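Participant: Give the three-dimensional model of this entry:
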Amino acid sequence: MSKAESIIRELFRLSVSAVKPYALIQQNISVNGRHLLVRDKTHEIIKPARVVGFGKAVHGMATALEETLGSLLERAIVCVPEGSLNVENLKSFDATKSKIEFLEGANNNLPDENAMYAALKIRDFVQNLDEDDTVIVLISGGGSALLPLPKGRITLSEKLELVKKLGNAGANIFEMNCVRKELSVLKGGGLARHCYPAKVITLILSDVIGDPIDIIASGPTCPNHDGPGKAIEVLKKFSLYQDLPTSIRETLENSLKLEKSYAQHERYFQRVDNFIIGNNRIATQAILSKTQELGVQSVILSTDVSGDVEEISTIYAKIAEIILSFLREETTKDELIEALSSVRSNSVTFKMDKLSEDVKSLDTKRDLCVILAGEPTVLVTGGGIGGRNQQLALSFSLKISPLEKIDPRWDVWFLSCGTDGIDGPTDAAGAIGSSQLERKCIEENLNPREYLDNNDCYSFYSRFMEGKYLVKVGHTGTNVMDVHLIFFEAQ
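Facilitator: Below you'll find the predicted structure:
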């Protein structure tokens, strides 16, 4: 394993460790007598609290919260992804001594009957409460799939099929969850309405750019400002409205007729407090600190990466070309800043004042790590197996292949991985690419472009170098979107 590969793997593992939910709960929450302190806000717990949770990170959140609450916890029902309870770092949990009931569901991050059973239990658990009750809600990425309870006559399979079509058409998380909220009993503020008039405290580990609480897990404890009209617009945008099942069409149209203003729903949210306790900025800052410790130059370019993988790979390749020009001492720092500012787009945005400050400390003699994070999407046109991170790693590698010939003194490496440890319906978190990849593919008689065009990047990386560049870490128990590292290694 090369030095660069070893470093970027270590940096990814560190970024995941920095957002482990157990530590985040302990850092943000404490108890003093019958008072629960969340950051700087104090909540009196009159009766032992009920806890519900759903998402890829809520196992660690729930166990840490149980330890913190002690006798202030009545009981908890928490739904986690299928297979989570077999993760090595969770096996020490002693269910016989816990007040938490863990349920598994959403195999391959898709809502299923097990997840719907858990959603029904959670709904029933928080109903018929009074003003002296407290419900603590734990939410993390993957929560939408783990809290599926369709409205009216909509079946789970109908809803699942529609969400799949939206994803394959390239809908982003804002568009996907706009639709989910309108088709679900508990999303879009539905859980908070069922808890009313109890006090609700929601602790959120964000997996959405900008930390919008109405989008994370489809906003079960905050008002839905989108409404059915916007959901219909999204479906029409992707040409899906015309062929909707009757149950979904009727639900949307009936909601449109009965739509009420936020003021009419406001009372349900007057006793709700939502707190973001973790996000990808914590993960990227941990990477930044570690690179400095290793003596590697580093700069965070963006934590808000979104949009189509193909567009993002093109932008990243341009960034690599610009930075290499600086490292080869062909351009100055001022020219580097100007060139980087010219490649910004809706998909990749930089904070230019911070970037200018960071670039001042760079030199051309040491390795450099460019840190980015976010959550791209893939327009699926092929029939292969893969995920957005593997697709991005391969696409970027092919685009930067010419850079190896321009200056062999620098190797460019790239890591793209999901902090949840799962990239699409595969057992990989993502993959590693490089400026050498295409040349090595020729040596192995592989055509990477065929795999890329067929959205079959998992098959490619499984074959290429005997799977050496797949990153497999299993369920991590956390989720703050994806980490992208572009690493420039001096030869």
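
Participant: Let me see the contact set for Pro48.
Facilitator: Contact analysis of Pro48 by CB atoms under 8 Å, 6 or more residues apart in numbering lists 71-74. Heads up, the C-betas are built off the backbone N, CA and C, glycines and all.

Participant: and the gap between it and Cys79?
Facilitator: 21 Å (CB to CB, to the nearest Å).

Participant: One more: Arg267?
Facilitator: Distance from Arg267 to Cys79, by CB to CB: 28 Å.

Participant: Would you mind listing where the stretch 251-400 of the chain has pLDDT under the threshold?
Facilitator: Judged against pLDDT under 70, the low-scoring parts of the stretch 251-400 of the chain cover residues 259-264.

Participant: mind redoing it with 90?
Facilitator: Low-confidence regions of the stretch 251-400 of the chain, defined by pLDDT under 90, span residues 254-267, 341, 343-361, 365, 379-380.

Participant: Show me which parts of stretch 439-459 are buried, residue by residue.
Facilitator: For stretch 439-459, a neighbour-count test (16 or more other CB atoms under 10 Å) marks 441, 446, 448, 451-452, 454-459 as buried.

Participant: Pull the most distant pair out of those.
Facilitator: Within the buried residues of stretch 439-459, two members stand farthest from each other by CB to CB: Cys441 and Asn455, at 17.6 Å.

Participant: helices or strands next to the helix or strand encompassing Ser157 in the packing?
Facilitator: Assigned by DSSP states H and E, Ser157 falls within helix 156-168. The contact analysis (3 or more CB pairs under 8 Å, 6 or more residues apart in numbering; DSSP states H and E) places helix 156-168 against helix 173-183, helix 246-258.

Participant: and the angle for the shortest one with helix 156-168?
Facilitator: It refers to helix 173-183. 160 degrees (axes from the mean of the first three to the mean of the last three CA atoms, to 10 degrees).

Participant: thinking again about what came up before, between Arg267 and Cys79, which one's more packed in?
Facilitator: The residue with more neighbours, out of Arg267 and Cys79, is Cys79; 31 against 11, by other CB atoms under 10 Å.

Participant: quick one: contacts for the closest residue to the more buried one other than its chain neighbours?
Facilitator: Take Cys79 and drop its neighbours on the chain: the residue closest to it by CB to CB, 6 or more residues apart in numbering is Ala118, 3.8 Å away. By CB under 8 Å, 6+ apart, Ala118 lies in contact with 54, 77, 79, 103, 105, 146-147.

Participant: If we use 10 Å, what do you get?
Facilitator: Residues in contact with Ala118 (CB atoms under 10 Å, 6 or more residues apart in numbering) are 52, 54, 77-80, 101-106, 146-149.

Participant: just for the stretch 1-150 of the chain, where's the confidence low?
Facilitator: Filtered on pLDDT under 90, the stretch 1-150 of the chain yields the residue ranges 1-2, 40, 56, 81-97, 107-110, 141-142.

Participant: can you give me the helices in it?
Facilitator: 3-18, 21-28, 58-69, 113-125 (DSSP state H, counting those that start in this stretch).

Participant: for those helices, which one ends up most surrounded?
Facilitator: Most buried of those by mean neighbour count (mean count of other CB atoms under 10 Å) is helix 58-69; its value is a mean of 24.

Participant: What is it packed up against?
Facilitator: helix 21-28, strand 29-32, strand 35-38, strand 49-54, strand 73-81, strand 100-105, strand 134-140, strand 199-205 (3 or more CB pairs under 10 Å, 6 or more residues apart in numbering; DSSP states H and E).

Participant: Output the ones you listed as JSON lines; include the columns distance to Ala64.
Facilitator: Shown next, in JSON lines, are the helices and strands packed on helix 58-69 (distance: least, CB to CB, whole Å):
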{"stretch": "helix 21-28", "distance to Ala64": "4"}
{"stretch": "strand 29-32", "distance to Ala64": "8"}
{"stretch": "strand 35-38", "distance to Ala64": "13"}
{"stretch": "strand 49-54", "distance to Ala64": "11"}
{"stretch": "strand 73-81", "distance to Ala64": "12"}
{"stretch": "strand 100-105", "distance to Ala64": "11"}
{"stretch": "strand 134-140", "distance to Ala64": "10"}
{"stretch": "strand 199-205", "distance to Ala64": "10"}
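
Participant: Between those, which one is closest to Val234.
Facilitator: Nearest of the helices and strands packed on helix 58-69 to Val234, taken as CB to CB: strand 134-140 at 22.3 Å.

Participant: Reduced to three states, what does the closest residue to Asp420 other than its chain neighbours come out as?
Facilitator: Among residues not flanking Asp420 along the chain, Asn479 sits closest, at 3.9 Å (CB to CB, 6+ apart). Secondary structure, DSSP: H, G, I helix; E, B strand; the rest coil: Asn479 is coil.

Participant: who's in contact with Asn479?
Facilitator: Asn479 sits next to 16, 19, 21, 55-58, 81, 140-143, 205-207, 278, 280, 418-422 when contact means CB under 10 Å, 6+ apart.

Participant: The same query, at a cut-off of 8 Å, please.
Facilitator: 55-57, 140-142, 205, 207, 418-420.

Participant: Name only those of these that count as buried.
Facilitator: Buried among those (16+ other CB under 10 Å): 55-57, 140-142, 205, 207, 418-420.
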